[in-house]
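Enquirer: Just the structure for this:
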Amino acid sequence: MAHLLNLRDWLIQAAYTTVHLFVKNGLTNHAAATAFYFLLSAAPLALLVSYASQLLTHVAQTSNLGALVLTAFHERFRLDQLMAMGFIPRDAEVGVGGAGLLTLIISSRGLVSATDSAFRIVFPEGERRRMVFSWLLPLIIIPTVFLLVILAVLAQGALSFLVEYDFLTDTRGSLLQGANMLLSFSAVWGLIFAAYWGLPLKRPNPRLAMWLSLICALVLSVLFAGFKLFFQVEHYRSLYGALGGVVFILIGAYFACLIFYFWAQCLQALGKVDLVAFEKLFMATGGPKANRLESLVFGRIDRLLAKFGRLYAPGDTLIREGDTDQDAYFLVSGSVELFRSVNGRPHRLGELGAGEMFGEMAYLLGEKRSASVVAKTEITALVLPPAMIEELMQHSAPLARRVIASLSQRLQKMNQAITN
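Expert: Okay, the predicted model is just below:
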């Protein structure tokens, strides 16, 4: 039962942290910028699709297979509708292919830059990428993505055409279409995973990135199915006129980017849940009261106790002077006494109570333990390893300032106790 309650608390705290960081980081604006660059990339892509259809038209004159592919190409990409909406001209010249390719490369650079900029905010750890790599990345990613999309659409269209004209039985065609859809979904899942795991300079846990990219791909599938079922481009055309198709694509891309960045933020937040929970616990002691929602979300510390908590009996030594360990302690309940050796005898320096943090001096100063800490009463403490201390200091500037202020006050009291 306790395990289930801790899991529930973890899920609630992870959800709260994700939403809080998503809003704080302004990812809605980044989603809008990414959707805009996607639209710029889609325009030259439409020209390239038109150019490809012209090439297939020449092939179809001498090849039955080419005719089948051309028909599937027109049906799946709906070229007639794109021409009617003005996305592509009816008679595109051969030179349009080169211009479209150049425009696609330029706009793709903006698309990848917008995504990379958002990921630097979502995953702030690490240095900036090398300039050469950041410029070469769009030339690799965007053509690969669009090529996979085109191949998936062509394969699906060709199978539909073959089933419709009895070149394949319904059963076999359905199986092949299902396999193709599964392959397309796997490609999307793989691309999202590559972004979640490869774009952050400090790479997250690959297994966690894999699961969250799967969730993101599933949610995107639901989004696209919903757009196909409940939204029609004709409605936007009747409302916005000739720009209705552009608005339709832009809105769909915006929601897709929101989903993509939300689960990326969730991936980063899952690694910060313990830090946020401890920050709320430490800052709430002697500091301003948290709002009601934060109190409900982070009010229970049982999960932190199960993960980091230790019990000590009266007289137990938590820290021994001269030791080289660098763990820090947060006192949940009880009190401890501080001693330092003076002329070979233990000299009492003072006492710490619940809500105090101690032991961080050895890590921050890189020195051996300067004093011994002994339990005065039965105590419960959270034991924090050095790596978590470092993350806490980087994660929260207010927490870092409070830790440094507490450390300075403790050093001052220790010096006064020694001189007295």
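
Enquirer: mind listing the helices for the stretch 251-400 of the chain?
Expert: In the stretch 251-400 of the chain, the helices defined using DSSP state H, counting those that start in this stretch lie at 273-284, 292-298, 302-308, 361-365, 386-395, 397-419.

Enquirer: quick one: low-confidence parts of the stretch 251-400 of the chain?
Expert: The stretch 251-400 of the chain contains residues with pLDDT under 70 at 285-290.

Enquirer: Now do the SS call for the residue lying closest to residue 123 once chain neighbours are set aside.
Expert: Spatial nearest neighbour of residue 123, excluding adjacent residues (CB to CB, 6 or more residues apart in numbering): residue 200 at 3.8 Å. All C-beta spots, glycine's among them, are computed from the backbone N, C-alpha and C. Taken by DSSP: H, G, I helix; E, B strand; the rest coil, the conformation at residue 200 corresponds to coil.

Enquirer: What's the local residue count around residue 200?
Expert: Using other CB atoms under 10 Å, residue 200 has 20 other residues around it.

Enquirer: and it, how far is that from residue 389?
Expert: 22 Å (CB to CB, to the nearest Å).

Enquirer: likewise residue 283?
Expert: 15 Å.

Enquirer: Give me the more crowded residue out of these two.
Expert: residue 389 (20 against 15).

Enquirer: contacting residues for the more buried one?
Expert: Shown in contact with residue 389 (CB atoms under 8 Å, 6 or more residues apart in numbering): 326, 328, 360, 363, 364.

Enquirer: What are the contacting residues of the helix or strand containing residue 18?
Expert: Here residue 18, judged by DSSP states H and E, is contained in helix 2-24. Helix 2-24 is contacted from outside by 122, 261-262, 265-266, 268-270, 272-273, 276-277, 293-294, 297-298, 300, 302-303, 306, using CB under 8 Å, 6+ apart.

Enquirer: Stretch 210-222 too?
Expert: By CB under 8 Å, 6+ apart, the list of residues contacting stretch 210-222 reads 185, 188-189, 192-193, 195-197, 256, 259-260, 263-264, 266-267, 270.

Enquirer: Out of the residues you listed, which is nearest to residue 227?
Expert: Checking those against residue 227 by CB to CB gives residue 256 as the nearest, at 9.5 Å.

Enquirer: Distance check, the closest one against residue 184.
Expert: In this view, residue 256 and residue 184 are 15 Å apart by CB to CB.

Enquirer: Equivalent analysis for residue 338, please.
Expert: From residue 338 to residue 184 the distance is 64 Å (CB to CB).

Enquirer: between these two, who's got more neighbours?
Expert: The residue with more neighbours, out of residue 338 and residue 184 and counting by other CB under 10 Å, is residue 338; that gives 22 against 18.

Enquirer: ok, the residue nearest to residue 395 when sequence neighbours are not counted - contacts?
Expert: Counting by CB to CB, 6+ apart, residue 275 is the residue found nearest to residue 395 once chain neighbours are left out, at 4.8 Å. Residue 275 is in contact with 388, 391, 392, 395, 396, counting by CB under 8 Å, 6+ apart.

Enquirer: Widest-spaced pair of those?
Expert: Most distant of those, by CB to CB, are 388 and 396, 12.4 Å apart.

Enquirer: pLDDT weak spots in the stretch 51-200 of the chain?
Expert: 51-108, 125-180.

Enquirer: Only the buried residues of stretch 335-348, if you could.
Expert: 335, 336, 337, 338, 339, 340 (16 or more other CB atoms under 10 Å).

Enquirer: so of these, which ones are in strands?
Expert: Of the buried residues of stretch 335-348, the ones assigned to strands by DSSP state E are 336, 337, 338, 339, 340.

Enquirer: relative to helix 273-284, how tilted is the helix holding residue 18?
Expert: Here the directions of helix 2-24 and helix 273-284 differ by 80 degrees (axes from the mean of the first three to the mean of the last three CA atoms, to 10 degrees).

Enquirer: Going forward, count from 24.
Expert: Okay, using 24 as the starting number, the last item reads as helix 25-47.

Enquirer: With just CA atoms, put helix 25-47 into PDB.
Expert: Written as PDB, here are the backbone C-alpha positions of helix 25-47 (Å, rounded to 0.1, in the frame of the first residue of the first chain):
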ATOM      1  CA  ALA A  25       2.800   2.400   0.900                       C
ATOM      2  CA  HIS A  26       4.500   1.600  -2.400                       C
ATOM      3  CA  LEU A  27       1.300   2.500  -4.400                       C
ATOM      4  CA  LEU A  28       0.900   5.800  -2.400                       C
ATOM      5  CA  ASN A  29       4.600   6.700  -3.200                       C
ATOM      6  CA  LEU A  30       4.000   5.800  -6.900                       C
ATOM      7  CA  ARG A  31       0.900   8.000  -6.900                       C
ATOM      8  CA  ASP A  32       2.800  10.900  -5.300                       C
ATOM      9  CA  TRP A  33       5.600  10.500  -7.900                       C
ATOM     10  CA  LEU A  34       3.200  10.600 -10.800                       C
ATOM     11  CA  ILE A  35       1.300  13.600  -9.500                       C
ATOM     12  CA  GLN A  36       4.600  15.500  -8.800                       C
ATOM     13  CA  ALA A  37       5.900  14.500 -12.200                       C
ATOM     14  CA  ALA A  38       2.800  15.800 -13.900                       C
ATOM     15  CA  TYR A  39       2.900  19.100 -11.900                       C
ATOM     16  CA  THR A  40       6.500  19.600 -12.600                       C
ATOM     17  CA  THR A  41       6.000  18.900 -16.300                       C
ATOM     18  CA  VAL A  42       3.100  21.400 -16.700                       C
ATOM     19  CA  HIS A  43       4.900  24.000 -14.500                       C
ATOM     20  CA  LEU A  44       8.100  23.800 -16.600                       C
ATOM     21  CA  PHE A  45       6.200  23.700 -19.900                       C
ATOM     22  CA  VAL A  46       4.500  27.000 -19.100                       C
ATOM     23  CA  LYS A  47       7.500  28.600 -17.400                       C
END
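
Enquirer: Now it: buried residues?
Expert: Using 16+ other CB under 10 Å as the burial criterion, the residues of helix 25-47 that qualify are 29, 32, 33, 36, 37, 39, 40, 41, 43, 44, 45.

Enquirer: One more: stretch 227-234?
Expert: Residues 227, 232 are the ones in stretch 227-234 that count as buried (16+ other CB under 10 Å).
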